[in-house]
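**Q** Let's see this in three dimensions:
(chains A, B, C and D)
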Protein chains: 2
Amino acid sequence: MAKVTLKVIANTLGLSTSTVSKALKNYSDINPETKLRVQKLAKDLNYTPNAFAQSLKSKGSKIIGLLVPDLVHHFFSSIINGVINEAEKHGYLVIVLQSYESYEDEKKQLKLLVDKNIDGILLSLSDKTIKYDHINSIISEGMPVVLFDKVSQLIDCPKVIIDDRKAAFDATEHLIKTGCKTIAHITGPLKPKTTIDRYMGYKKALEKYNIPFDKSLIYTSENLSYEDGYNLTSKIINDHPKLDGIFAFIDPVAIGVLNSLRDMKIKVPKQVSVIGFSNWFMCKTTSPTLTTVNQPAYEIGERAFQLLFENLNNIEQGKAITSKIVEVPTNIVFRNSTKKIID
Amino acid sequence: MAKVTLKVIANTLGLSTSTVSKALKNYSDINPETKLRVQKLAKDLNYTPNAFAQSLKSKGSKIIGLLVPDLVHHFFSSIINGVINEAEKHGYLVIVLQSYESYEDEKKQLKLLVDKNIDGILLSLSDKTIKYDHINSIISEGMPVVLFDKVSQLIDCPKVIIDDRKAAFDATEHLIKTGCKTIAHITGPLKPKTTIDRYMGYKKALEKYNIPFDKSLIYTSENLSYEDGYNLTSKIINDHPKLDGIFAFIDPVAIGVLNSLRDMKIKVPKQVSVIGFSNWFMCKTTSPTLTTVNQPAYEIGERAFQLLFENLNNIEQGKAITSKIVEVPTNIVFRNSTKKIID
DNA sequence: TTGAAAGCGCTAACAG
DNA sequence: CTGTTAGCGCTTTCAA
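**A** Next up is the predicted model:
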């Protein structure tokens, strides 16, 4: 069961390892006959090159690292799906790691990846990360990095993002166009830029339609959770009896809202319309089904790898590294928690 | 930006690479002073050993492969979570790949992993896989493999499974104990062993409680989908007006059932009880919430890595490889789609 | 058309 | 206590 190496093939054929190596790679300066003999034997012995030896020579492993805050999550697992698929098309394998939304872990995991000499890193920032030295230093040492979803302007590298502000604008506009006049917004913890952008999009839409902004219509879910959505709702309804629309910044919260409204016997969308954000799987199993903003997670992963791949090629060809920013478009998935557009 | 190697350190310190190597590994036969000098410089230069070179020497990469049918799936992503965490504790990184429930892809991905000289493979079989040569040959070539969730007796290696039959028995028994007399079972495509085991568990429970088995109460969902559950339900109710319980072999189907019953104005659990299988996230957001069988996915992943790790050690120590089978226990999560147990 | 030799970076046996 | 040497398996000049 000894491992089949070039040497084994060379010896049994009475050739040198270099000839065998070249024969297997179809170099033009090898006798066609020899090539055939070598290739046949290699196949018979089931030869596969030793990846470590190759990597040691070539400085490339054809392995990349992917670091997400949280793997057990429809959004991120879809991104991973996109990355893995696109990577595979180009001959790359993907090591997956999680930061658990912790700055310390993010640093630690990044180091693990760098130490493994992988070819590049795809990264979505943890919510807790507010310093970026650990990432910038990796980049300045020559490791190609691409950021996606949770990004920062303080890091100079390619990025894949969605336009949260526009997406939130669209969501709010949809509520307005379906006749809502008093629209609450449930926002999240202040830190991540996405939260703020969605909040801004909400305001912007009100502005466009001359609906006065009312600060008391803004509520905060600290945990991005179903329970938060559920619990906030009675308060919202209590504070604003005339309310006819709720835009939650993330689906589980919206689903909490939906269920709470149902328990309060408030008809959705007849009395109150609800729109979420993210298009989680459950949106189509709730009652009523949830209108929401779809973030094309698979595509985000796909594009992220493509950007990395571009730079991998740039490096190989001695070209400059780019810092492209790709914005993937969102779209609203119309379901039954909002009314039909009027006009 | 030249890479820092042992040689660089050795040269600047006027030492040999072997001395440096040993100093960094704290060998006892190195002058403590030298050690300090070396370690200091290594730190200052931010030296990290070249993983390829190490792997080439040691024949180990500290990387394992993980192949699942489908990554975007709460069950599997939880397993991956367990694997990655446990692996990290032991200094291993994980390459994740998907077979998309395709035999061809399974073969292909497995080959990619083997060719990368990773240290071991964790694998859940695709539903389509009915020949196991591709796996057995990998094992016989000395690659440690551990199977989990979807396994086969025709492969001799460690396995982590849940006792589907017992779990289904428990689920059915729960319905019976809460007073159900006429219980339908929605089963899945014949192939995977899990489906059959759940079906057997269902039968077994009826038997124990002297409820005659009625073949017409068995329905099949081909797609394991919400839609299947929804569409089958009206037929089930039509066929069996006296029906008071439904055991669906997987949660999305059960949720389809739930929603269909609601639309038919059939009260759950008052008129019909529903129990699912898997404990997907949505179970707690449906209305009523869904009683279901919980499969401890995280633990499955964790245990799978542990079994692999054991064999990795066995190999290193020249011991025999084991083929342990670990059964992780399931439990029923009681929610509101079933009644309280009577007696 | 083929082979010898060097080297990628690291480790370990052995000598000094 | 330190250095020399050889070798992991592969690729790539360069010489034959």
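**Q** Could you chop chain A up by domain?
**A** By the assignment in automatic domain parsing, chain A contains the domains A:6-48, A:60-160+A:297-328, A:164-294.
**Q** Those domains: which one's closest to residue B:238?
**A** Shortest distance between residue B:238 and those, using Cβ to Cβ, is found for domain A:164-294: 22.1 Å. The C-beta positions use only the backbone N, C-alpha and C, and glycine is treated the same way.
**Q** Mind checking the domains of chain A for the one nearest to DNA strand D?
**A** domain A:6-48 (2.9 Å; Cβ to the nearest atom of the strand).
**Q** Would you mind measuring the gap between the ends of the closest one?
**A** Using Cα to Cα, to the nearest Å, the end-to-end distance of domain A:6-48 comes to 9 Å.
**Q** nearest residue to the spatially most central residue of chain A other than its sequence neighbours?
**A** The residue lying closest to the centre of chain A (Cα atoms, centre = their mean) is residue A:79, at 4.3 Å. Computed as Cβ to Cβ, 6 or more residues apart in numbering or on different chains, the closest residue to residue A:79 that is not its neighbour in sequence is residue A:301, at 3.9 Å.
**Q** How many residues are close by that neighbour?
**A** Burial of residue A:301 is recorded as 29 neighbouring residues (other Cβ atoms under 10 Å in any protein chain shown).
**Q** just to revisit the earlier point, thought the residue nearest to the centre of chain A was touching residue A:68?
**A** Yes: A contact is recorded between residue A:79 and residue A:68 when judged using Cβ atoms under 8 Å, the distance being 6.9 Å.
**Q** Write out the residues of chain A neighbouring DNA strand D.
**A** The interface of chain A toward DNA strand D, taken as Cβ under 7 Å from any atom of the strand, is made up of A:3, A:5-7, A:17-18, A:21-22, A:24-25, A:49-50, A:53-54, A:56-58.
**Q** Which entries within these meet the buried criterion?
**A** Neighbour-count burial within those applies to A:5-6, A:21-22, A:24, A:49-50, A:53, A:56; the criterion is 16 or more other Cβ atoms under 10 Å in any protein chain shown.
**Q** contacts with chain B among those residues, please.
**A** Judged by Cβ under 8 Å from any Cβ of the partner chain, the overlap between those and the neighbourhood of chain B comprises A:49-50, A:53, A:56.
**Q** nearest to chain B, of those residues?
**A** Chain B has its nearest neighbour among those in residue A:56, at 4.2 Å by Cβ to the nearest Cβ.
**Q** residues making contact with whichever strand or helix holds that closest one?
**A** In the assignment (DSSP states H and E), residue A:56 maps to helix A:51-58. Residues from elsewhere that reach helix A:51-58 (Cβ atoms under 8 Å, 6 or more residues apart in numbering or on different chains): A:61-62, A:117, B:50, B:52-53, B:55-56, B:61, B:115-117.
**Q** Repeat that for stretch A:9-19.
**A** Applying Cβ under 8 Å, 6+ apart, the contact partners of stretch A:9-19 are A:6-7, A:20, A:23, A:30, A:34, A:37-38, A:41-42, A:45, A:47.
**Q** As TSV, those residues with distance to DNA strand C, secondary structure and pLDDT would be great.
**A** Compiled in TSV, the contacts of stretch A:9-19 are given as follows (distance: Cβ to the nearest atom of the strand, whole Å; DSSP: H, G, I helix; E, B strand; the rest coil; pLDDT from 0 to 100):
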residue	distance to DNA strand C	secondary structure	pLDDT
A:6	10	helix	92
A:7	11	helix	91
A:20	8	helix	92
A:23	7	helix	90
A:30	4	coil	86
A:34	4	helix	89
A:37	9	helix	89
A:38	9	helix	89
A:41	13	helix	90
A:42	15	helix	91
A:45	18	helix	90
A:47	17	coil	91
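**Q** Can you list the low-confidence ranges for chain A?
**A** Segments of chain A classed as low confidence (criterion: pLDDT under 70) are A:1-2, A:343.
**Q** Tell me which stretches of it form strands.
**A** Using DSSP state E, the strands found in chain A span residues A:63-68, A:93-98, A:120-123, A:145-148, A:159-162, A:183-187, A:218-220, A:245-248, A:273-278, A:291-294, A:325-328, A:331-333.
**Q** okay if I get those strands as TSV plus distance to residue B:75 and mean neighbour count?
**A** What follows is the strands of chain A, written out as TSV (distance: least, Cβ to Cβ, whole Å; neighbours: other Cβ atoms under 10 Å in any protein chain shown):
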stretch	distance to residue B:75	mean neighbour count
strand A:63-68	18	26
strand A:93-98	17	24
strand A:120-123	24	26
strand A:145-148	25	26
strand A:159-162	27	23
strand A:183-187	29	24
strand A:218-220	32	16
strand A:245-248	26	30
strand A:273-278	20	27
strand A:291-294	23	24
strand A:325-328	28	15
strand A:331-333	24	15
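**Q** so which of those comes closest to DNA strand C?
**A** When the strands of chain A are compared by Cβ to the nearest atom of the strand, strand A:63-68 sits nearest DNA strand C, at 16.8 Å.
**Q** With just CA atoms, put that closest one into PDB.
**A** These are the backbone C-alpha positions of strand A:63-68, laid out as PDB (Å, rounded to 0.1, in the frame of the first residue of the first chain):
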ATOM      1  CA  ILE A  63      -7.400  26.100  -1.000                       C
ATOM      2  CA  ILE A  64      -9.100  29.200   0.200                       C
ATOM      3  CA  GLY A  65     -10.500  30.100   3.600                       C
ATOM      4  CA  LEU A  66     -14.100  31.300   4.300                       C
ATOM      5  CA  LEU A  67     -14.900  33.000   7.600                       C
ATOM      6  CA  VAL A  68     -18.500  33.800   8.400                       C
END
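**Q** Output the contacting helices and strands for that strand.
**A** Here strand A:63-68 is seen to pack against helix A:74-89, strand A:93-98, helix A:103-115, strand A:120-123 when contacts are counted using 3 or more Cβ pairs under 8 Å, 6 or more residues apart in numbering or on different chains; DSSP states H and E.
**Q** With respect to burial, which of those scores highest?
**A** strand A:120-123 (a mean of 26; mean count of other Cβ atoms under 10 Å in any protein chain shown).
**Q** Quick one: residues contacting the residue nearest to the centre of chain A.
**A** Counting by Cβ under 8 Å, 6+ apart, residue A:79 touches A:68, A:124, A:148-149, A:297-298, A:300-301, A:304.
**Q** between those, which is closest to residue B:235?
**A** Nearest member of the contacts of residue A:79 to residue B:235, counting by Cβ to Cβ, is residue A:298, at 34.1 Å.
**Q** Isn't the closest one up against residue A:77?
**A** No: with contacts counted by Cβ under 8 Å, residue A:298 stays clear of residue A:77, the gap being 10.0 Å.
**Q** Residue A:212 and residue A:203: what is the separation?
**A** Look at residue A:212 and residue A:203: by Cβ to Cβ, to the nearest Å, they are 11 Å apart.
**Q** Which one's more surrounded, these two?
**A** residue A:203 (18 against 6).
**Q** Give me the nearest residue to that one, chain neighbours excluded.
**A** residue A:213 (5.7 Å).
**Q** count of neighbours near the one you found?
**A** Summarising burial for residue A:213: neighbours were counted as other Cβ under 10 Å, giving 12.
**Q** correct me, but it touches residue A:204?
**A** No: using Cβ under 8 Å, residue A:213 makes no contact with residue A:204, being 10.0 Å away.
**Q** Go through chain A and flag its longest helix.
**A** Longest helix of chain A, by residue count under DSSP state H: helix A:297-316.
**Q** neighbouring contacts of that one?
**A** Outside of helix A:297-316, the residues that reach it under the criterion Cβ under 8 Å, 6+ apart are A:64, A:74-76, A:78-87, A:90, A:92, A:119-122, A:142, A:144, A:146, A:148-149, A:158-160, A:162, A:319-322, A:324, A:326, A:328.
**Q** Closest residue of the stretch 51-200 of chain A to DNA strand D?
**A** Of all residues in the stretch 51-200 of chain A, the one sitting closest to DNA strand D is residue A:53 (3.3 Å; Cβ to the nearest atom of the strand).
**Q** what's the spacing between that residue and residue B:312?
**A** Remark: distance between residue A:53 and residue B:312 (Cβ to Cβ) = 21 Å.
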